[in-house]
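Peer 1: the sequence isn't on hand, but the structure is:
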């Protein structure tokens, strides 16, 4: 299950909801302001990255300022760039700059993705056919159209168009279906979307390990313990 992609849209949507509440409720406005202020402080890195807050040069590393939150939201077809249009409460020129910066960073990452051995990058080299023997009127034949490989920009724009038109709610199924259509973007998406949003899944792995490695099973080898934990944590895949 993909979880990292929901972090940024959830924070921005919650902030948008609190902003609307300030304009509609008459009571408890102080509570709403405190909640919104706390949200912006806790996730300040996200608000700075989308142009809704100014960065303090002396604050050091801001919380949640990593670009993976923007990358994952973009690469999840359920969110894509919808959060930028609906929940980024900033001027249109600010939104445009954020969008351009995000797309530029994504294309740069796509170019740096290394493809696994045996996979195709969409730029397979085709063997040239053997030269034909010269004959009369040989030069009259039409030239064959050369194969033009899609650039990172073309692939990214095509993905955004498809994501805005399809109603697929399962991110994994979407990328499984389009892995050959957006090969460069697919490999980058698998790297980004595989990151868990919290440490809870990792903590559950250690919990399973503690339940398996009991005092009466102290002679288990490291390899056997690793295999048992793997099977226990992946029983839902059966």
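Peer 2: Arrived safely. Keep in mind that this is a model prediction, so the values were computed, not measured.

Peer 1: so what are the domain limits for this structure?
Peer 2: Following the assignment in automatic domain parsing, the chain carries domains at 4-115+151-193, 200-237.

Peer 1: is it possible to get TSV of those domains that adds mean neighbour count and mean pLDDT?
Peer 2: The way it works is simple: take the backbone N, C-alpha and C, and place the C-beta from them, glycine included. Shown next, in TSV, are the domains of the chain (neighbours: other Cβ atoms under 10 Å; pLDDT from 0 to 100):
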stretch	mean neighbour count	mean pLDDT
domain 4-115+151-193	16	91
domain 200-237	11	83
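
Peer 1: which residue ranges of the protein form helices?
Peer 2: Along the chain, the segments classed as helices by DSSP state H run 7-22, 29-42, 44-49, 68-75, 82-86, 92-112, 152-165, 171-178, 183-193, 200-212, 222-233.

Peer 1: tell me which of these sits nearest to residue 55.
Peer 2: When those are compared by Cβ to Cβ, helix 44-49 sits nearest residue 55, at 4.8 Å.

Peer 1: the closest one - contacts with which helices or strands?
Peer 2: Other elements packing on helix 44-49 under the criterion 3 or more Cβ pairs under 8 Å, 6 or more residues apart in numbering; DSSP states H and E are helix 7-22, helix 68-75.

Peer 1: quick one: which of these is nearest residue 163?
Peer 2: Among the helices and strands packed on helix 44-49, the nearest to residue 163 by Cβ to Cβ is helix 68-75 (9.0 Å).

Peer 1: same for the closest one, what does it pack against?
Peer 2: Looks like helix 68-75 contacts helix 7-22, helix 44-49, helix 92-112, helix 183-193 (3+ Cβ pairs under 8 Å, 6+ apart).

Peer 1: which among those helices is found nearest to residue 65?
Peer 2: Per Cβ to Cβ, nearest to residue 65 of these: helix 44-49, 2.8 Å.

Peer 1: if I look at the nearest residue to residue 195 once chain neighbours are set aside, how far off is residue 193?
Peer 2: Nearest residue to residue 195 in three dimensions, chain neighbours excluded: residue 4, at 4.8 Å (Cβ to Cβ, 6 or more residues apart in numbering). Using Cβ to Cβ, to the nearest Å, residue 4 is found at 6 Å from residue 193.

Peer 1: need the residues touching each of these two.
Peer 2: Here residue 4 and residue 193 have residue 72 as joint contacts, going by Cβ atoms under 8 Å, 6 or more residues apart in numbering.

Peer 1: that older thread, export the helices and strands packed on helix 68-75 to a markdown table and tack on distance to residue 202?
Peer 2: Listed next are the helices and strands packed on helix 68-75 as a markdown table, based on distance: least, Cβ to Cβ, whole Å:
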| stretch | distance to residue 202 |
| --- | --- |
| helix 7-22 | 17 |
| helix 44-49 | 22 |
| helix 92-112 | 24 |
| helix 183-193 | 17 |
